[in-house]
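S.K.: Here's a sequence, model it:
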Amino acid sequence: MAKTVLLRIDDRLMHGQIGKSWLKEVGADIIVVVNDRTFMDENSQKLMEIVTPLNTKIYFLTVEKAIKELGDLEDDTEALVLVENPKDALSLIENGLDIDMVNVGNMSRKYYKKKVNETVYVDDDDIACFKELKDLGKTLDIRALSTDDSDNDDKIFN
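M.R.: Model (predicted):
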């Protein structure tokens, strides 16, 4: 059974920083992209495969499939799981994903979102999901790069 070593919220999903920095930092063997839209988009999958390091498997699952199948992917491997938004992270955790911390890496700027830091912008729905994650005892690790210092999660709620 695959063990999740990092659950990261990043609306870019798989990109170069994941393959060069985060994968090594957390010691993951596989990458799992959990996103309904990407699951249906072969072109997006191919682009993400291009930036995936050699000898690293990448899987694409819908949220529903991830809830059912994430633990069955590969025996004795460690997984880095990527989701696009806090709602999907919350869904995975509420349905049994065993992880204590959620990395909040990149949530792009939109005119209707509040700035948390240079890479994270949130709206009321995001804040509500983050509150639920905190209520479930999860730590929010707000940083884009593995070498960055983690921002205080109070910035999300203030």
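S.K.: Tell me the gap between the longest helix anywhere in the chain and the middle of its chain.
M.R.: Counting by DSSP state H, the longest helix found in the chain is helix 124-135. Helix 124-135 has its average C-alpha position 15 Å from the chain's average C-alpha position, going by C-alpha atoms, centre = their mean, to the nearest Å.
S.K.: tell me which strands and helices it is in contact with?
M.R.: Counting contacts by 3 or more C-beta pairs under 8 Å, 6 or more residues apart in numbering; DSSP states H and E, helix 124-135 packs against helix 86-94, strand 139-142, helix 154-157. Placement of C-beta: from N, CA and C, glycine included.
S.K.: Send me the helix or strand just after the first one as PDB with only the CA atoms.
M.R.: To tie it back to what came earlier, the one meant is helix 86-94. Counting by DSSP states H and E, the next helix or strand C-terminal to helix 86-94 is strand 101-106. Taking C-alpha atoms only, strand 101-106 is exported to PDB below (Å, rounded to 0.1, in the frame of the first residue of the first chain):
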ATOM      1  CA  MET A 101       0.000  18.200   7.400                       C
ATOM      2  CA  VAL A 102      -1.300  19.900   4.200                       C
ATOM      3  CA  ASN A 103       1.200  21.900   2.200                       C
ATOM      4  CA  VAL A 104      -0.400  25.000   0.700                       C
ATOM      5  CA  GLY A 105       1.900  25.900  -2.200                       C
ATOM      6  CA  ASN A 106       0.200  27.900  -4.900                       C
END
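S.K.: If you count neighbours, what's buried in strand 101-106?
M.R.: 102-106 (16 or more other C-beta atoms under 10 Å).
S.K.: With distance to residue 41 and pLDDT as added columns, please give those in TSV.
M.R.: TSV is the format used below for these (distance: C-beta to C-beta, whole Å; pLDDT from 0 to 100):
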residue	distance to residue 41	pLDDT
102	25	97
103	24	97
104	24	97
105	21	95
106	19	96
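S.K.: Looking at the residues you listed, point me to the pair that's furthest apart.
M.R.: The most widely separated members of those, counting by C-beta to C-beta, are 102 and 106 (13.2 Å).
S.K.: quick one: common contacting residues for those two?
M.R.: residue 9 (C-beta atoms under 8 Å, 6 or more residues apart in numbering).
S.K.: Surely residue 115 is in contact with residue 123?
M.R.: No: using C-beta atoms under 8 Å, residue 115 makes no contact with residue 123, being 11.4 Å away.
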